[in-house]
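Just need the structure, nothing else, for what follows:
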Amino acid sequence: MSNLTNTPNREITEAVMRMNNYIAEHIKEPITQQDLAKVANYSPYYSTRIFKEVTGKSPFEYIRKLRLSQAAIKLHEENVRVLDVALEFVFNSHEGFTRAFAKEFGVTPKHYAKTLQPLNLFMPFNDYDLQKIQKKVDNNMSEPANTIFVQIMERPARKLILKRAKNATEYFSFCEEVGCSIWEILCGIKEALFEPIGMWMPNNLRPEGTSLYTQGVEVPIDYTGAIPTGFETLILPPCKMLIMQGQPYDDENFAEAIAFFWQQTANFNPEIYGYEWANEEAPRFQLAPMGYRGYIEGQPVKKVTKD
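Residues are numbered from 1 along each chain as shown. Below is the predicted model:
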């Protein structure tokens with residue numbers, strides 16, 4: 001996963017501050033992705049992405065390193081059993097803690113407690129560090145940054161159930177042509193691999209006289225269930241999808257958010273990540289606009305072949 005801009009805005013930095021403080025206060029308790037998302041006021045997916053964007057580590061890599069370093073300090077300063085320290089810092093077993101400790105520091109906790117050799121302990125972010133980041137943002141930006149997160153995801157061989165129109169080129173013209181009930185029908189297909197999608201069909205998957213824009217849902221390749229009346233199916237091969245996700249927005253501003261997303265990504269070149277567009281392998285798609293998670297699109301890519 002990467003992003004199209006490297007500078008977090010104030011809202012993002014403050015959300016990471018809240019997550020960081022929560023981790024510090026609950027480091028000896030189980031911490032879930034949902035816990036951090038609630039503190040950040042974003043979705044679990046987006047909270048994880050912005051935390052890594054600011055700190056350089058995923059939340060759970062950060063938590064693991066912090067727990068291990070605090071456990072090492074306890075072993076250094078107190079005469080305690082390794083098992084007790086493991087349980088205190090939310091490791092399920094002596095063995096699991098020992099493996100994680102040895103992987104992090106190159107020495108077992110038992111050996112460390114005896115020798116107290118110097119360790120390269122993890123230094124967590126604090127509010128001062130995050131405020132310095134924000135101050136740099138405020139000094140260098142005339143308007144808030146707008147991060148677009150990018151990641152590559154694998155799609156298996158699958159079957160696509162879709163509804164075509166004749167002339168539609170985007171969502172609104174599709175609804176005008178075939179109605180707005182298609183989405184509800186797609187949501188009712190319980191065997192779906194993923195949520196329903198709006199799609200822009202490549203030429204090789206678009207018969208003459210059919211629309212550029214369609215709606216559909218992907219199901220397992222061996223799906224034998226009912227196909228809704230007026231729908232059809234296609235077989236899609238395995239492929240890689242480049243997923244781009246914008247920042248959260250107010251739901252009433254979804255049209256502006258999508259327009260801005262398209263402006264930001266219009267000239268994006270996947271070759272900077274070693275990929276190129278593979279539009280013939282699958283449709284470009286959009287997920288239903290939901291402000292809390294940001295606007296999301298996906299487009300097929302393949303590895304750049306070297307001559």
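
in the stretch 51-200 of the chain, which spans are strands?
149-155, 158-163, 197-200 (DSSP state E, counting those that start in this stretch).

Out of the ones you listed, the one nearest N267 is which?
Of all the strands of the stretch 51-200 of the chain, the one in closest proximity to N267, counting by C-beta to C-beta, is strand 149-155 (13.8 Å). The way it works is simple: take the backbone N, C-alpha and C, and place the C-beta from them, glycine included.

Can you give the distance of the closest one from its chain's centre?
8 Å (C-alpha atoms, centre = their mean, to the nearest Å).

Let's see that strand as PDB, backbone CA atoms only.
Taking Å, rounded to 0.1, in the frame of the first residue of the first chain, the C-alpha atoms of strand 149-155 are listed here in PDB:
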ATOM      1  CA  PHE A 149      -4.300   5.500  -0.800                       C
ATOM      2  CA  VAL A 150      -3.200   2.900  -3.200                       C
ATOM      3  CA  GLN A 151      -2.800  -0.900  -2.800                       C
ATOM      4  CA  ILE A 152      -2.700  -4.000  -5.000                       C
ATOM      5  CA  MET A 153      -5.200  -6.700  -4.400                       C
ATOM      6  CA  GLU A 154      -5.500 -10.200  -5.900                       C
ATOM      7  CA  ARG A 155      -8.800 -11.200  -7.400                       C
END
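
looking at it, K52 is touching F60, isn't it?
No: contact criterion C-beta atoms under 8 Å: K52 and F60 do not qualify, at 10.2 Å.

so what's the residue most central in space within the chain up against?
Geometric centre of the chain, nearest residue: Y45, 4.6 Å, by C-alpha atoms, centre = their mean. Residues counted as contacts of Y45 (C-beta atoms under 8 Å, 6 or more residues apart in numbering) are 245, 293.

can you pull the pLDDT of it?
The confidence metric pLDDT takes the value 83 at Y45.

The strand or helix carrying it: how far from the chain's middle?
Using DSSP states H and E, Y45 maps to helix 44-55. Offset of helix 44-55 from its chain centre (C-alpha atoms, centre = their mean): 8 Å.

just the angle between that helix and strand 149-155, please?
Angle, helix 44-55 to strand 149-155, by axes from the mean of the first three to the mean of the last three C-alpha atoms, to 10 degrees: 130 degrees.

Much appreciated, bye for now.
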